[in-house]
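kindly generate the corresponding structure for this input.
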Amino acid sequence: MNSLTGLGGCREVGRSAFLLDFGEKFLLDFGVKLNPLGIEYPLDIRENIKAAIISHAHLDHSGFLPYFYKHSECLSFMTQPTLELADILWADSIKIAEFEGMAPKYTKAEIERTHKYNFVVPYKKKINVSDEVSLEFFDAGHILGSSLTKLTSGEKSFLYTGDFKLDEMQLHSGCDMSMGKVDYIMIESTYGDREHPNRKEVERKLCESVQDTVDRGGWAIIPAFAVGRSQEIVDILTKYNITADIYLDGMGKKVADLYLKHANLIKDSKGLKSGLRQVKWIRGPGDRKKALRKPSVIVTTSGMMKGGPVIGYVQKVMKDPNSKIHLSGYQAEATPGRMLQEEGKLPYGIEEAIVKVNCQYEKYDLSAHPGQSEMIRALKKWSPKKIFLVHGDDKVLPLFQKRISDELGIKSEILSLGSKIEFE
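Next up, the predicted model:
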């Protein structure tokens, strides 16, 4: 009997971690959940693991892997870009913990130990991860290096989507669907209750708003995630020919170098390269002052406005009615970004008093996750025997489950934290 056990990412978005018994025991992702009040970790692993498999580098999927290697000696499998991006994020996690006066959960030595046991796998290269189970990665279209994981044991196959995107985006062509039919699927359900607006229309509205902001003498601040979103926004803005200085700040610069290194995995690598050449890279405090001398566009981390260079920029413009903050991604609960989105307020000054902003602000849906109909289209093509739902809020999952039942007639189960689901 095969089974799935939820260690995290069950009835929630964050700390994805799942134990799959598929003849051998495999750990699928091992992430953390970043909350303003602290960090949530996956449940403890009490089993001997044959291998760990990481779908992509985002911290909610890879962020706890170095901790796993405090005690484990099994191999871990991921793509080369995932390893390189995760390295940046792991090192940054240690730095942030130390800055905030907390003891990091792992050290640089454990990151090095993670490298010792890591095995990088390119897309569409089937390898044996045990005597009876093979693994194959397919481009998930979510961020650089993101993978759909197909495990095959005899005549049975299991697909874990991780985070994926079926429709194309500015940097990615959409997930690779060439893995054929699969028997069992564990699918992310982040937006299982809704659709995304037309992406090209959102990109046009963003660019028009940015240009309008600068034209009226304001600064267009775009808080953006370091991995994927910062690079995508630079590409969008430069292709739209914004007539203003565009600055790139924060960890997105280091990630941009990796995107260029793995240009063969980008939809329009020449366009991205051209865009990154056109923008001005912030190298230090002097450049930040320069960016605020005259109206400009500033793309910077962090995407939820919880730390990073964005704080300094926002403090400068939040009382300026001509300036505008363009939120470009998901804003988690209790973050400054969510506060701005819902209440029009932000922390201000050294004492961080909560004040009403005078600048303009707007949210733009540039999600790298599939909407409900995208997921239904993917499931229809894969045509599995059974579906397991993860990586979605508790109120979203039943709605998505009903849509699957109504539209596809396929049985699905919602994985719960700490629970085990057995399947033939």
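
please make it C-alpha for all contacts and neighbour counts, starting now.
Fine.

can you map out the helices along the stretch 301-424 of the chain?
310-317, 336-343, 372-382, 397-408 (DSSP state H, counting those that start in this stretch).

quick one: the longest one to helix 372-382, angle?
The one in question is helix 397-408. 50 degrees (axes from the mean of the first three to the mean of the last three Cα atoms, to 10 degrees).

thinking again about what came up before, so can I have JSON lines of the helices of the stretch 301-424 of the chain showing mean neighbour count, mean pLDDT and distance to residue 241?
Formatted as JSON lines, the helices of the stretch 301-424 of the chain follow (neighbours: other Cα atoms under 10 Å; pLDDT from 0 to 100; distance: least, Cα to Cα, whole Å):
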{"stretch": "helix 310-317", "mean neighbour count": "18", "mean pLDDT": "96", "distance to residue 241": "23"}
{"stretch": "helix 336-343", "mean neighbour count": "18", "mean pLDDT": "95", "distance to residue 241": "27"}
{"stretch": "helix 372-382", "mean neighbour count": "17", "mean pLDDT": "97", "distance to residue 241": "30"}
{"stretch": "helix 397-408", "mean neighbour count": "17", "mean pLDDT": "98", "distance to residue 241": "39"}
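
of all those, which one is nearest residue 417?
helix 397-408 (13.8 Å; Cα to Cα).

now do that closest one: which elements does it pack against?
On a contact count with 3 or more Cα pairs under 8 Å, 6 or more residues apart in numbering; DSSP states H and E, helix 397-408 meets helix 372-382, strand 386-390, strand 411-414.

can you put these in JSON lines and add distance to residue 111?
What follows is the helices and strands packed on helix 397-408, written out as JSON lines (distance: least, Cα to Cα, whole Å):
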{"stretch": "helix 372-382", "distance to residue 111": "34"}
{"stretch": "strand 386-390", "distance to residue 111": "27"}
{"stretch": "strand 411-414", "distance to residue 111": "33"}
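
could you point out which of the ones you listed sits nearest residue 362?
helix 372-382 (23.4 Å).

starting at the chain centroid, how far to the closest one?
Its chain's C-alpha centre and that of helix 372-382 lie 20 Å apart, by Cα atoms, centre = their mean, to the nearest Å.

repeat that for stretch 321-330.
20 Å.

then stretch 384-403?
Put simply, stretch 384-403 sits 19 Å off its chain's centre (Cα atoms, centre = their mean).

between the helices and strands packed on helix 397-408, which one is closest to residue 4.
Closest among the helices and strands packed on helix 397-408, using Cα to Cα: strand 386-390, at 8.9 Å.

strands paired with that closest one, and their directions?
Using DSSP bridges, the strands paired with strand 386-390 are strand 184-188 (parallel), strand 411-414 (parallel).

possible to save the ones you listed as TSV with distance to residue 161?
Shown next, in TSV, are those (distance: least, Cα to Cα, whole Å):
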stretch	distance to residue 161
strand 184-188	5
strand 411-414	15
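
so which of those is the most surrounded?
strand 184-188 (a mean of 23; mean count of other Cα atoms under 10 Å).

using CSV, write out every CA atom in it.
Output of strand 184-188 as CSV, limited to C-alpha atoms (Å, rounded to 0.1, in the frame of the first residue of the first chain):
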residue,chain,number,x,y,z
TYR,A,184,-1.8,9.9,-9.0
ILE,A,185,-1.3,13.6,-8.7
MET,A,186,-0.5,15.9,-5.7
ILE,A,187,-1.4,19.4,-6.9
GLU,A,188,-0.9,22.9,-5.5
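
ok, back up a step: nearest to residue 307, of the helices and strands packed on helix 397-408?
Nearest of these (Cα to Cα): strand 386-390, 28.5 Å.

just to revisit the earlier point, for residue 156, find the nearest of the helices and strands packed on helix 397-408.
strand 386-390 (12.1 Å).

and the strands paired with strand 386-390: which comes nearest residue 354?
Nearest to residue 354 among the strands paired with strand 386-390 is strand 184-188; the distance by Cα to Cα comes to 34.9 Å.

now do that closest one: distance to the chain's middle.
That offset, for strand 184-188, works out to 17 Å (Cα atoms, centre = their mean).

contact partners of it?
157-164, 384-392 (Cα atoms under 8 Å, 6 or more residues apart in numbering).

what's the domain layout of this structure?
With domains defined by automatic domain parsing, the chain comprises 2-194+368-423, 199-363.

can I get the buried part of the contacts of strand 184-188 as one PyMOL selection?
Buried residues among those (16 or more other Cα atoms under 10 Å), as a PyMOL selection:
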select buried, resi 157+158+159+160+161+162+163+164+384+386+387+388+389+390+391+392
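
could you pull up phi and psi at the residue nearest the centre of the chain?
Compute the mean C-alpha point of the chain, and by Cα atoms, centre = their mean the closest residue is residue 58, 4.7 Å away. Residue 58 adopts backbone torsions of phi -50, psi 140, taken as degrees, to the nearest 10.

name the nearest residue to it, ignoring sequence neighbours.
The shortest distance from residue 58 to any non-neighbouring residue, by Cα to Cα, 6 or more residues apart in numbering, is to residue 86 (7.1 Å).

and the helix or strand in which that neighbour is found, which residues are buried?
Counting by DSSP states H and E, the element that carries residue 86 is helix 80-99. Buried positions in helix 80-99, judged by neighbour count with 16+ other Cα under 10 Å: 80-83, 85-87, 89-90, 93-94.
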